[in-house]
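# this one's sequence-less:
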């Protein structure tokens, strides 16, 4: 079902005139993929080197994920020894970089980890180009431009975040299942490998369960053997990564990874309008009260293309089943992922990095079906409009001012053996002052995650300051800390209650205030 059985010549998945017989790549698709990957690399190099993102404070989560790898190589396990609201896959993945840090320094290893994620983003472009290489060149170009220069792709790929890894696992799984025929394979071996890839990706973040389930449906349509192999591969891969951690702390694992992730929310919610615009790859235009209207012509164009395709198929006697297996799969994923992001209690801009591959594949399929309706000059204009649109959207991210890490100040304030508690650990990692693996240091790697766990899935509210469990944690950490780094003065932090704030005031003094960081030292 859902096979593109007899497409018109202008919509054929393979352009015979540009086939490169030696490697199976149509020449146009190959060069478009290489050019897009190089352009993406130049953009990321500009961010990392010229703007200094490689050694700046741009995210909170990247320090947490790298810190998990450091803790793991020192024999300190998540869930059992400290709170971790993500599956353990990222800790396992960061462990080799943490080992590099033991040979060199945490700063070097952290920066190498950031470069690694940029390389993953480049690989995602290659995987996508390989997946759609038999489509018309306009479809290939559309997919590549959307994935490479989508706003949230740039945001997610510049440092150690989970979304580029999810995109990589998803695209690789799709390539194994659908290849360039865009029809689900009947090879049980391929389904086994695809299940293992998707399973490993799910062990990094549970969002991957959406494509896992969607592919499960296609596996069942290919027969019991394909379904059983796919399930064995997926379950086996998840078990290999997660089972050791689950066995050692089953209750905490289930609560932190499943319950907290499902129920998590934040006091300061991002509205549906802002989420929608972010998922559409645009900055929210503040000067238009109803900016969604701008998407009306695009929606009409998409509907016209689909109607035209149906009419053309009927006139020429082609099957009405004009969706390929790949099309049906990515449309389903696009809808489910998009709805989950609009409905979830918490939303961050880099979440769209997981939405990007599905959006790119869907818009690519639409572009292919637009080919009979447009002239070559119109196709070129379409590509130019995409570049301008995403370029204007990305400009806001490029113009954002991110603070430099005050490494010199942290070096002078704290000794190499100091135990420093922080709401973000990137500054300590880049200053080589990350010591949470020491027995005397507090095990508070992800304070925000601990707030979610202690606060029943809600963080950043005044009631956190009255939560007995969270306040007990704060007191325990402060007793063992030589210093504290906060985003706001301790007296104004809603998570530090009266008792913890009293102890903080009596034993810590503000050493420095640099950009957004307040650096306290034990008095």
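The structure has been received and is ready for your questions. All figures in this text were calculated on a predicted structure; none of them were measured in a lab. Numbers count the residues shown, from 1 in each chain.
# where do the helices sit along the stretch 101-250 of the chain?
106-131, 137-149, 151-157, 163-178, 188-202, 209-221, 224-248, 250-253 (DSSP state H, counting those that start in this stretch).
# Tell me what angle the fifth one forms with helix 209-221.
Counting by axes from the mean of the first three to the mean of the last three Cα atoms, to 10 degrees, helix 188-202 points 170 degrees away from the direction of helix 209-221.
# what do you get for the longest one?
Taking the same axes, to 10 degrees, one finds helix 106-131 and helix 209-221 inclined to each other by 40 degrees.
# If we go by neighbour counts, what in helix 106-131 is buried?
Within helix 106-131, the residues that count as buried by 16 or more other Cβ atoms under 10 Å are 106-107, 109-111, 113-114, 116-118, 120-125, 127-131. The C-beta positions use only the backbone N, C-alpha and C, and glycine is treated the same way.
# next one: stretch 77-88
Per 16+ other Cβ under 10 Å, stretch 77-88 contains these buried residues: 77, 78, 79, 81, 82, 83, 84, 85, 86, 87, 88.
# Out of those residues, which two are the most distant from each other?
81 and 87 (16.3 Å; Cβ to Cβ).
# need the contact list for the residue nearest the centre of the chain.
Residue closest to the average C-alpha location in the chain (Cα atoms, centre = their mean): residue 163, at 1.2 Å. Contacts for residue 163 (Cβ atoms under 8 Å, 6 or more residues apart in numbering) come out as 152, 156, 350, 351, 352, 353, 354.
# Which pLDDT value goes with the nearest residue to it once chain neighbours are set aside?
Distances taken as Cβ to Cβ, 6 or more residues apart in numbering place residue 353 nearest to residue 163, at 3.1 Å, with adjacent residues excluded. The model reports residue 353 with a pLDDT of 91.
# Quick check: which element contains residue 353?
helix 352-370 (DSSP states H and E).
# circling back to that earlier point, nearest to residue 419, out of the helices of the stretch 101-250 of the chain?
Of the helices of the stretch 101-250 of the chain, nearest to residue 419 by Cβ to Cβ is helix 106-131, at 15.0 Å.
# How is the protein divided into domains?
25-263+274-283+291-398, 407-522 (automatic domain parsing).
# Strands of this protein, residue ranges please.
Assigned strands in the chain, in chain order: 265-266, 420-422, 458-459, 483-486, 508-514, 517-522 (criterion: DSSP state E).
# Would you single out the least confident of those strands?
strand 458-459 - the lowest mean pLDDT of these, at a mean of 60.
# State the distance from residue 100 to residue 113.
According to Cβ to Cβ, to the nearest Å, residue 100 and residue 113 sit 9 Å apart.
# where are the low-confidence patches of the protein?
Scanning the chain for pLDDT under 70 picks out 1-24, 265-271, 281-322, 372-380, 382, 392-396, 399, 455-466.
# ok so, going back, nearest to residue 409, out of the strands of the chain?
So among the strands of the chain, strand 508-514 is nearest, using Cβ to Cβ, at 5.2 Å.
# helices or strands next to that closest one in the packing?
Here strand 508-514 touches helix 407-413, strand 483-486, strand 517-522, going by 3 or more Cβ pairs under 8 Å, 6 or more residues apart in numbering; DSSP states H and E.
# got a list of what residue 474 touches?
495, 496, 497, 500.
# repeat that for 7 Å
Counting by Cβ atoms under 7 Å, 6 or more residues apart in numbering, residue 474 makes contact with 496, 500.
# repeat for residue 174
131, 326.
# now swap in the one 5 residues further on and tell me
The contact partners of residue 179, by Cβ under 7 Å, 6+ apart, come to residue 185.
# again, but for residue 356
Contacts of residue 356 (Cβ under 7 Å, 6+ apart): 147, 150, 152, 153, 167.
# Could you double-check that the third one sits in contact with residue 353?
Yes - Residue 152 lies in contact with residue 353 (Cβ atoms under 7 Å); the separation is 4.9 Å.
# Of these two, give the one with the bigger neighbour count.
residue 353 (26 against 23; other Cβ atoms under 10 Å).
# list the contacts for that one?
152, 153, 155, 156, 157, 163, 164, 167.
# swap the cut-off to 8 Å and go again
152, 153, 155, 156, 157, 161, 163, 164, 166, 167.
# Most neighbours among the residues you listed, please name it.
residue 153 (32 neighbours).
# you'd agree that one is up against residue 147?
Yes - with contacts counted by Cβ atoms under 8 Å, residue 153 reaches residue 147, the gap being 6.2 Å.
# who touches stretch 480-493?
Counting by Cβ under 8 Å, 6+ apart, 413-414, 418-424, 427-428, 440-442, 478, 496, 501, 504-505, 508, 510-511, 516-522 sit against stretch 480-493.
# mind checking the end-to-end distance for that stretch?
20 Å (Cα to Cα, to the nearest Å).
# Then stretch 424-444?
OK, stretch 424-444 end separation, Cα to Cα: 11 Å.
# Give me the distance between it and the centre of its chain.
Relative to the centre of its chain, stretch 424-444 is centred 24 Å away, using Cα atoms, centre = their mean, to the nearest Å.
# Check which residues of it are buried.
Quick answer for stretch 424-444 (16+ other Cβ under 10 Å): 424-437, 441-444.
# Repeat that for stretch 202-216.
202, 203, 204, 205, 207, 208, 210, 211, 212, 214, 215, 216.
# quick one: that stretch to chain centroid distance?
13 Å.
# Show residues contacting it.
Contacts of stretch 202-216 (Cβ under 8 Å, 6+ apart): 86-90, 92-93, 162, 165-166, 169-170, 173-174, 177, 194-195, 198-199, 201, 227, 230-231, 234, 237-238, 241-242, 257-258, 261, 329, 332-333, 336-337, 340, 354.
# Would you show me how to pick out the buried ones of these in ChimeraX?
Buried members of the contacts of stretch 202-216, defined by 16+ other Cβ under 10 Å, are picked up in ChimeraX with:
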select :86,87,88,89,90,92,93,162,165,166,169,170,173,174,177,194,195,198,199,201,227,230,231,234,237,238,241,242,257,261,329,332,333,337,354
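# Reformat the buried residues of stretch 77-88 as a markdown table; add distance to residue 449.
Output for the buried residues of stretch 77-88, formatted as a markdown table (distance: Cβ to Cβ, whole Å):
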| residue | distance to residue 449 |
| --- | --- |
| 77 | 15 |
| 78 | 10 |
| 79 | 11 |
| 81 | 14 |
| 82 | 9 |
| 83 | 5 |
| 84 | 7 |
| 85 | 4 |
| 86 | 8 |
| 87 | 13 |
| 88 | 14 |
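# Next step: those restricted to helices.
Secondary structure from DSSP state H places none of those in helices.
# Give me the distance between residue 66 and residue 384.
The value you get for residue 66 to residue 384, if Cβ to Cβ is used, is 39 Å.
# repeat for residue 233
From residue 233 to residue 384 the distance is 42 Å (Cβ to Cβ).
# Between these two, which is the more surrounded one?
residue 233 (25 against 10).
# Among the buried residues of stretch 77-88, which one lies nearest to residue 56?
residue 86 (23.2 Å).
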